[in-house]
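> Below are the sequence and a predicted model for it; my questions follow.
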Amino acid sequence: MKALKLLALAAVVVVSLSSCEEGPVGIFASIAGETDINALMTKEFENASPAFVVKADTTMYAGVGVLWSRPEGGRPWTRMDVSAVGSGTLFATSAAVVGTTLYATFTDTGTGADLGVWSWNGTSWNRVDAAFPAAGEELRCVLGANGQVFAVTALHAASDDSMDTTHSLYYLNGAAFATAGPADAAIGQPNSVAFDGTRYWFTAGPQVLTGTAASAIAVDATAPAADFGGVAYAAVPGETVFGTRSGVMYTVSGTTWSAASTAQTDLGGDAYAFYQPVYVSAGTAAILMPTRSWYRSSTDPAPPGGYLEFAATGFDVATATPNADRDLVSWPTNYAITLDKASIKSIVSLQEGTGTSLFALTDGNGLWSNYHDGSVWTGWRRE
Amino acid sequence: MRIRFLALLLVAAALAPVYAQDGLSAVEYSDYEKGDGIFSLNLGTNIPLGFYDPTQPGLVGPNSTLGFAFGLSYLGFLDEHWALGGDAGGAFITTLAERRLFLAPISFKAAYAINLSPISILPTIGVGMAISSLSDYKHIDPLFKLGSSFLWRYNSDVSYGLHLFADIIPQFYEDSTQNRVGFFMEATLSVSYHL
């Protein structure tokens, strides 16, 4: 009977050491509701941090380390031949699409050299503006909106004991890049752009850039003081939505800014860091705001929390609360087993076939997609 | 030696009525007696059978693959047939989405030993709890265990065993739409020590 007592004691110890933390869905219920989210997975994507996903003509392109492509609505992803761009292993770091042309930037992983902006028309690669960027400037990325390609560069200058970095914004004017306004300006790095039908809106760290023409972009002096992570235009409610790295959302309608009354936080009260949001028109119109693991300071880490979803209809940034049911673009079990607590830097929405595909670009957890065929979502699954 | 002993036992059993008529007492042989104990180390597999949603008819498929199971168990005999005891174990199960479910069933149980020396069959019923862990989430639920152990006595100290048990785990949540009943089958082999 001594052994029986020991077993009973072990049981008591195990129970006392076990906390009972309930998730958003039941453990058995979530398993019962699982789908094969890995059925379409590309092994090389599994633990990657994708840089971009775009669509040009009838082909989808992804920068996941190297450049990958797949036919619209088809699989698998295959590595693209970019030997015309350079030799060695080339990482595709950013992309934008105008019409049926893909514009991409590459970095030579062997030398670390930026290889400039290249265009792909579905047949051949061509260097865009061979004189760009100017000597001393480092190409950061290309951005696209409203059929316009923008390019961002950085310039480092020594100042006393520190290094100052300034940024420039260019737009593609015919076959050459021309300044869009900010030139070697003391602004953050422009990292996302949206077009609201009248104005371009860029997030650039502490600054917001805006302008009605690609050639006349300037810092918006009326923007609130915040560290901006990303921007998207939401056709419903007809506002441009900004996410910040302090978990506060802003909108601008015309040129009138509105702010959320509080930061969005996790259950522990830690504010999220928002990045590039997306407006989803398929199904129930929604605004998805990705959260990213981010150190605002060494003592202030932002928790990864997947994405927050908001119903677009009736969206009011001042009072907006995330949809707790997690059912606007998937369903609770699907969300729980895929992107819950993921660090997501952006979500993009692309027309694919007769439906809409969402792509979630995570930090180290691969590329995820979710397809709406006109009536239902497939749920998130690995690409 | 042991076979001879068993043969003698069988002869004795056959002759028992005769001796009884002559006023001699019969002796029943049993592998177990009051105070005996069996301590077992188990290794094997856990087979997810499915989940029952109280709001839906039928079972939902397990969406999981065979798992790895291990455990310890003890039975203490109250007489030559009845025994009480308990067991504790664990099982690692991979789900369709390649998540890892860990189950830790802990139960108190009652068994009835059917002696077919050198084999013993021990139908068993147990109640207890199961700790479930999946990703960052844990849950503690009631457990009902039903099944049998089959022991082959290698010598006076050691038996080898096959254990087949159904674990029935009702899982309750504040949000009743998340309630499910999980069904799992443990199939393990053991080495059992007679104490």
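That came through fine.
> hey, let's count contacts and neighbours off CA atoms from now on
Noted.
> Just the strands from chain B, written as ranges.
B:37-52, B:59-60, B:67-77, B:82-94, B:100-112, B:114-116, B:119-134, B:137-153, B:158-171, B:180-194 (DSSP state E).
> quick one: contacts of stretch B:140-147?
A:20, B:105-107, B:123-132, B:163-172 (Cα atoms under 8 Å, 6 or more residues apart in numbering or on different chains).
> Give me the buried entries from those residues.
Burial by neighbour count, judged by 16 or more other Cα atoms under 10 Å in any protein chain shown, picks out B:105-107, B:123-132, B:163-172 from the contacts of stretch B:140-147.
> Give me the subset of those residues that also touch chain A.
Subset of the buried ones among the contacts of stretch B:140-147 in contact with chain A: B:106, B:132, B:171, counting by Cα under 8 Å from any Cα of the partner chain.
> Show me which residues of chain B are close to chain A?
So chain B meets chain A at B:37, B:39, B:50-51, B:60-64, B:73-76, B:85-88, B:95-97, B:106, B:132-134, B:136-140, B:171, B:173, B:178-182 (Cα under 8 Å from any Cα).
> Quick one: classify the residue in the stretch 101-250 of chain A that chain B sits nearest to as helix, strand or coil.
Ranked by Cα to the nearest Cα, the top residue of the stretch 101-250 of chain A for proximity to chain B is residue A:247, at 23.5 Å. Secondary structure, DSSP: H, G, I helix; E, B strand; the rest coil: residue A:247 is coil.
> what do you get for residue A:315?
Going by three-state DSSP: residue A:315 is coil.
> re earlier: from the ones next to chain A among the buried ones among the contacts of stretch B:140-147, which is closest to chain A?
residue B:106 (6.5 Å).
> who's in contact with the closest one?
If you count contacts by Cα under 8 Å, 6+ apart, then residue B:106 has A:11, B:86, B:87, B:88, B:89, B:128, B:129, B:130, B:143 around it.
> how about the ones next to chain A among the buried ones among the contacts of stretch B:140-147 in CSV, adding distance to residue A:61 and pLDDT?
Listed next are these as CSV, based on distance: Cα to Cα, whole Å; pLDDT from 0 to 100:
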residue, distance to residue A:61, pLDDT
B:106, 52, 97
B:132, 41, 96
B:171, 44, 96
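> of all these, which comes closest to residue A:267?
residue B:132 (22.1 Å; Cα to Cα).
> So the closest one sits against residue B:93, correct?
No: using Cα atoms under 8 Å, residue B:132 is not in contact with residue B:93, being 10.8 Å away.
> domain parsing for chain B?
B:1-30, B:31-194 (automatic domain parsing).
> Single out the most deeply packed of these.
Among these, domain B:31-194 has the highest mean neighbour count (mean count of other Cα atoms under 10 Å in any protein chain shown), at a mean of 19.
> what number of residues lie near residue A:161?
6 (other Cα atoms under 10 Å in any protein chain shown).
> what's the spacing between it and residue A:38?
50 Å (Cα to Cα, to the nearest Å).
> and if you look at residue B:49?
Taking Cα to Cα, one finds residue B:49 at 22 Å from residue A:38.
> now residue A:89
For residue A:89 relative to residue A:38 (Cα to Cα), the value is 27 Å.
> and what of residue B:188?
31 Å.
> try residue B:41
36 Å.
> Over to residue A:300?
Taking Cα to Cα, one finds residue A:300 at 34 Å from residue A:38.
> More neighbours: which of these two?
Between residue A:300 and residue A:38, counted using other Cα under 10 Å, residue A:38 has the larger neighbour count: 17 against 11.
> How is chain A partitioned into domains?
If you go by automatic domain parsing, chain A breaks into A:48-128, A:152-220, A:224-383.
> and the residue of the stretch 201-350 of chain A found nearest chain B, how many neighbours does it have?
Nearest residue of the stretch 201-350 of chain A to chain B (Cα to the nearest Cα) works out as residue A:337 at 7.3 Å. Counted by other Cα under 10 Å, the residues lying close to residue A:337 total 22.
> which ones are touching it?
A:30, A:34, B:97.
> Go ahead and report the secondary structure state at residue A:29.
Applying three-state DSSP: residue A:29 is helix.
> Chain neighbours aside, what residue packs nearest to it?
residue B:178 (5.7 Å; Cα to Cα, 6 or more residues apart in numbering or on different chains).
> and if you look at residue A:342?
Per Cα to Cα, 6+ apart, closest to residue A:342 is residue A:306, 4.4 Å.
> go on, residue A:217?
Closest to residue A:217 by Cα to Cα, 6+ apart is residue A:211, at 4.4 Å.
> Over to the one you found: give its phi and psi.
phi 170, psi 160 (degrees, to the nearest 10).
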